[in-house]
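K.L.:
could you look at this predicted model? Sequence included:
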Amino acid sequence: MTILGLDHVQIAIPAGGEAQARRFYGEILGMREIAKPDGLSAQGCWFVAGTAHVHIGIDPDHTPARTAHPALLVDDLAALEARLQAAGHAVEPGKPVPLHHRFFTHDPFGNRIECMQRIPG
């Protein structure tokens, strides 16, 4: 048995937060919303960009993920930083890691999101 990759990341939000999730993940991050398969809850929403799949699920007892987080790989970190800040989302630099520039932000529900760009070379 071999793990072939990561299919998706699920992020929890409180009930009724889908519109805010669509604005953050869809409009600000630029991910495309995709339809959920028949038979799954009508609540929540799913997004994709490149090979990154983010599933937004409803948790009535939502507590933001402060340490656990997805790391989204982007091709223009500075542009994303500007877009996030223009939309009122704080950006916090991360400690340096090899071969990447990165920062952290939070979605409207307090979940931690890492954004990274590979350093050429």
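P.N.:
Perfect, I can see it now. Numbers count the residues shown, from 1 in each chain.

K.L.:
run through the strands of the chain in chain order.
P.N.:
9-13, 32-34, 45-49, 52-58, 71-73, 92-93, 100-106, 112-118 (DSSP state E).

K.L.:
what helices or strands is the fifth one leaning on?
P.N.:
Going back to what we said before, that points to strand 71-73. Counting contacts by 3 or more Cβ pairs under 8 Å, 6 or more residues apart in numbering; DSSP states H and E, strand 71-73 is packed against strand 112-118. Heads up, the C-betas are built off the backbone N, CA and C, glycines and all.

K.L.:
could you redo the last one with a cut-off of 10 Å?
P.N.:
For strand 71-73, the elements it packs on are strand 52-58, strand 100-106, strand 112-118, judged by 3 or more Cβ pairs under 10 Å, 6 or more residues apart in numbering; DSSP states H and E.

K.L.:
ok so, going back, same list, the strands of the chain, but as JSON lines with distance to Gln20 and mean pLDDT please.
P.N.:
Formatted as JSON lines, the strands of the chain follow (distance: least, Cβ to Cβ, whole Å; pLDDT from 0 to 100):
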{"stretch": "strand 9-13", "distance to Gln20": "8", "mean pLDDT": "96"}
{"stretch": "strand 32-34", "distance to Gln20": "13", "mean pLDDT": "97"}
{"stretch": "strand 45-49", "distance to Gln20": "11", "mean pLDDT": "97"}
{"stretch": "strand 52-58", "distance to Gln20": "10", "mean pLDDT": "96"}
{"stretch": "strand 71-73", "distance to Gln20": "18", "mean pLDDT": "96"}
{"stretch": "strand 92-93", "distance to Gln20": "20", "mean pLDDT": "96"}
{"stretch": "strand 100-106", "distance to Gln20": "12", "mean pLDDT": "97"}
{"stretch": "strand 112-118", "distance to Gln20": "14", "mean pLDDT": "96"}
